[in-house]
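Asks: Pasting a predicted model and its sequence here:
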Amino acid sequence: MRLTREYFKQDALFLAEDLLGKLLCRKINGKVLKFRITETECYLGKGDSASHAGKKKTERNKIMFKQGGYAYVYLCYGIHYMFNIVSGQKNTAQGVLVRGVENFDGPGKLTKALKIDKSFNGADLVKSKEIWLENDGIKFSFKRAKRVGIEYAKKEDREKLWRFIAIK
DNA sequence: AGATTGATAAGG
DNA sequence: CTTATCAATCTT
């Protein structure tokens, strides 16, 4: 079953956990590929110094201020595309970073495998025929960990256990 | 541990 | 315009 707008409008903290085991679907050259999500991180906008949207709205992060269900894709370190799922209500600026799927562990690797690039920034995951998410009823158990790659953030934000990793 | 890489944000 | 910075990865 395809995930709905109502699903994506839930809190990012809940979604980051619940998205583990869901299927990330991508249509390439007429073929549909499905990858099971194995690792996520949660980013809240307001007061989260690790989030792009933690301080203020900019041209790049404005997608995160939309209601849940949109894709936020951006280039990091000039090399790697990151795929995020905007979540929560409008203007809450929450998002879930998809860090890994089955067989492609790592945020830069999964976007490369799925051929996700900047043109998907702002894509509607509820309506798009190119990229969407599905729930087939499988739910993984998981463990929590500290987020990575955010050394620039405040100490209290660095130590939050907002990274979710599926256990095989 | 170091090189890489280029869009983006902030400042003059 | 210029500069610094970065939700990472690959190679030593």
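Replies: Arrived safely. Residues are numbered from 1 along each chain as shown, chains lettered A, B, ... in the order given.

Asks: which residues does A:K9 contact?
Replies: Neighbouring residues of A:K9 by CB atoms under 8 Å, 6 or more residues apart in numbering: A:67-69, A:87-89. In short, each C-beta sits where N, CA and C put it, glycine included.

Asks: Model confidence for it, exactly?
Replies: You'll see A:K9 listed with a pLDDT of 97.

Asks: and after the helix or strand bottoming out on mean pLDDT in chain A, which helix or strand comes next?
Replies: Using mean pLDDT, DSSP states H and E, helix A:155-158 stands out as the lowest-scoring helix or strand of chain A, at a mean of 92. Heading C-terminal from helix A:155-158, the first helix or strand you meet, by DSSP states H and E, is strand A:163-166.

Asks: How far does the least confident helix or strand of chain A sit from its chain's centre?
Replies: Chain-centre distance of helix A:155-158: 20 Å, with CA atoms, centre = their mean, to the nearest Å.

Asks: Give me the three-state assignment for A:K109.
Replies: Per DSSP: H, G, I helix; E, B strand; the rest coil, the local secondary structure of A:K109 is helix.

Asks: Residue in chain A with the shortest distance to DNA strand C?
Replies: A:G149 (1.9 Å; CB to the nearest atom of the strand).

Asks: could you pull out the helices for chain A?
Replies: Using DSSP state H, the helices of chain A run over A:5-8, A:12-18, A:107-113, A:155-158.

Asks: Mean neighbour count for those - can I get that in CSV?
Replies: Listed next are the helices of chain A as CSV, based on neighbours: other CB atoms under 10 Å:
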stretch, mean neighbour count
helix A:5-8, 17
helix A:12-18, 22
helix A:107-113, 18
helix A:155-158, 13
